[in-house]
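A.B. asks: Predicted coordinates and the sequence they were generated for:
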Amino acid sequence: MVGRPRSEESRRAILQAALRLCDRDGYPNVTLKAVAAEAGTGRQTLYRWWNTKADVLLEAMTTIVAPGLPPSPPDLRSFLMDTFALTDGVAGRVVVGLMAEAQSDPDLAERLRIGLIGPRRAALRGVLESSVSSHFNLDLIVDMIFGAMWYRLLNRHAPVDAALAEEITELVEAHLRRDTGRSRTSPRRSIRS
């Protein structure tokens, strides 16, 4: 971002305008021209600070919609409830749009991983570490949990909501209870055996 320093007021107005347009028109229909008009600023201002709508919307997600994570999510259920609640509304539309665009833009994919997805994966892994024994592949469990979320967001066949958070929590807890009981009574068997 080269040029004059950004006015915080203008920056926030632009980010809010981009979110409003995405909410109203959908991610594919957002343009920098429309964002400038909605924010009441010149296009040159946007192009001086951002190169693409993905840049604007990623910054809007990381600074306005989901600026950070709670310091220490108390448990899996709470973490999933909070995370899934974020996918409702404009946040879900922005993230799905960014993820789709990232499939053909490796730079955006990396920025999305670093700025939005990676910190949430690490937070979920931290929640799981407190309740899962070390012989579990925590990264795989994280992939399975977020995989269910992404599959529903992308295919829209079922909601990403409190009911899903509850079902996933019960499934993970049941598996942990079953595995704990088995490990006390017999050696762990391989799935392939």
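C.D. replies: That came in fine, so what should we check first?
A.B. asks: next one: phi and psi at L154?
C.D. replies: L154 adopts backbone torsions of phi -80, psi -40, taken as degrees, to the nearest 10.
A.B. asks: residue contacts, it?
C.D. replies: For L154, the contact set (CB atoms under 8 Å, 6 or more residues apart in numbering) comprises 96, 99. Any C-beta I mention is one placed from the backbone N, CA and C, and that applies to glycine too.
A.B. asks: Does L98 touch K53 like I think?
C.D. replies: No. Judged on CB atoms under 8 Å, L98 makes no contact with K53 at a distance of 9.6 Å.
A.B. asks: Give me the buried positions along stretch 48-60.
C.D. replies: 49-50, 53-60 (16 or more other CB atoms under 10 Å).
A.B. asks: Give me the contact list for it.
C.D. replies: 1-4, 6, 11, 14-16, 18-19, 22, 27, 30-32, 35, 46, 94, 97-98, 101-102, 105, 108, 111-112, 115-116.
A.B. asks: Restricted to buried residues, select the residues you listed in ChimeraX.
C.D. replies: Here is the ChimeraX command that selects the buried residues among these (16+ other CB under 10 Å):
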select :11,14,15,18,19,22,27,30,32,35,46,94,97,98,101,102,108,111,112,115,116
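A.B. asks: In helices only, show me the contacts of stretch 48-60.
C.D. replies: Among the contacts of stretch 48-60, the members found in helices (DSSP state H) are 11, 14-16, 18-19, 22, 32, 35, 46, 94, 97-98, 101-102, 108, 111-112.
A.B. asks: From A100, how far off is Y151?
C.D. replies: 14 Å (CB to CB, to the nearest Å).
A.B. asks: residues in contact with the longest helix anywhere in the chain?
C.D. replies: Criterion DSSP H: the longest helix present in the chain is helix 162-185. For helix 162-185, contacts defined as CB under 8 Å, 6+ apart pick out 76-77, 80-81, 83-85, 128, 131-133, 136, 141, 145, 148-149, 152, 158, 188.
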